[in-house]
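K.L.:
give the three-dimensional model of this entry:
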Amino acid sequence: MAWTTRLEKLDRRWLFLIMGLLVAGPLVLPAGLPLKVSPPVSSFNETIEKVPNGSTILMSCDYDPSARPEMVPMTRTAFRQLLGKDCKVVVTVLWNAGPGLVEATLNDVAREFPAKQYGEDWVNLGYKAGDDAVMVLMGQGIKNAFPRDYRGNDTKTLPLMRNVRDYSSFPLLVNISAGFPGTKEWVQQVQSRFHLPMVAGVTAVSAPEYYPYLQSGQLRGLLGGMAGAAEYEMVRGEKGTATKGMDAQSLAHVFVALCIVLGNVVQWVKRREAA
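P.N.:
Numbering: from 1, shown residues only. Have a look, this model is predicted:
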């Protein structure tokens, strides 16, 4: 039997098995495939690094569980970098299904810094309805916009919040966003009005929309999807879930491309033989 015939009659379940192994394998044992760090990712990291140690940073995590594979790795690495610089972090969430996921992510990272205390070194203000109207309200006073945090504490009683007034209290906004409300609204409502320096992490499908903001300087850095998160992890010397995910995604893409090429080769050979 010719090799072309054997390929045509190959049980498709073998393809499913190979694809499954290529996807699951790197999630258990990362392949460590090389990544090239793009300038927007380098700028994201460098902008945070240039913030003076001990600064108070505003971080808005605007996503829900549907965007977890892309957004959570960015959140972990950015929050870890900020705590590593002894920054105080004030976190908000503008998606109603996001606070629980964001709280769990922050708690996981905070365990790596046992000396950091909730209320003194970081605060999760949680969710407030109103979309971009909340951003405008925060410009009139953060504690007025969020009278209680995610855990039910009076924000005025939290040590970290005593010196936080409005956007002038922050040298930088870190936004991790999966859509509306998110990066575009933060740029339009806050960066443009209050001139607050800003970096953002967004989904891969929406990243092209934000490159004009990067070129204009309204964004100081940009992470695009899982690839951006993996590059960020590499810059920070981490091998997190984004790195594992990119290994799996890259191997799967190579396998799909190989199958397409082989399929076309088989058809070309059969036409040659029939001629």
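
K.L.:
what about the helices in the chain?
P.N.:
All helices of the chain, identified by DSSP state H, fall at 3-8, 12-28, 39-50, 68-84, 99-110, 132-138, 142-145, 183-186, 192-194, 211-216, 225-235, 241-274.

K.L.:
what's the mean pLDDT across the third one?
P.N.:
Translated: helix 39-50. Mean per-residue pLDDT for helix 39-50: 97.

K.L.:
contacts for that helix next, please.
P.N.:
With contact meaning CB atoms under 8 Å, 6 or more residues apart in numbering, helix 39-50 is reached by 78, 81-82, 85, 172, 174, 197, 199, 201, 211, 214, 220-224, 228, 231-232, 235-236. Just so you know, the C-beta spots here come from the backbone N, C-alpha and C atoms, and that holds for glycine as well.

K.L.:
which of those are buried, as a ChimeraX select command?
P.N.:
The following ChimeraX selection, which keeps only the buried ones among the contacts of helix 39-50, applies the criterion 16 or more other CB atoms under 10 Å:
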select :78,81,82,172,174,197,199,201,214,220,221,222,223,224,228,231,232,235
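
K.L.:
low pLDDT regions in the stretch 151-275 of the chain?
P.N.:
242, 245-250, 252-253, 275 (pLDDT under 70).

K.L.:
returning to what we had before: which one of the helices of the chain lies closest to Val93?
P.N.:
Distances from Val93 to each of the helices of the chain were compared using CB to CB; the minimum, 4.8 Å, belongs to helix 99-110.

K.L.:
dump that closest one to PDB, restricted to CA.
P.N.:
Below are the C-alpha coordinates for helix 99-110, written out as PDB (Å, rounded to 0.1, in the frame of the first residue of the first chain):
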ATOM      1  CA  PRO A  99     -14.300  40.200  41.900                       C
ATOM      2  CA  GLY A 100     -14.200  36.600  43.200                       C
ATOM      3  CA  LEU A 101     -11.600  35.600  40.600                       C
ATOM      4  CA  VAL A 102      -9.500  38.700  41.200                       C
ATOM      5  CA  GLU A 103      -9.600  38.200  44.900                       C
ATOM      6  CA  ALA A 104      -8.400  34.600  44.600                       C
ATOM      7  CA  THR A 105      -5.600  35.600  42.300                       C
ATOM      8  CA  LEU A 106      -4.400  38.400  44.500                       C
ATOM      9  CA  ASN A 107      -4.500  36.200  47.600                       C
ATOM     10  CA  ASP A 108      -2.400  33.500  45.800                       C
ATOM     11  CA  VAL A 109       0.300  36.000  45.000                       C
ATOM     12  CA  ALA A 110       0.100  37.700  48.400                       C
END
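
K.L.:
angle of that helix against helix 68-84?
P.N.:
Counting by axes from the mean of the first three to the mean of the last three CA atoms, to 10 degrees, helix 99-110 lies at 50 degrees to helix 68-84.
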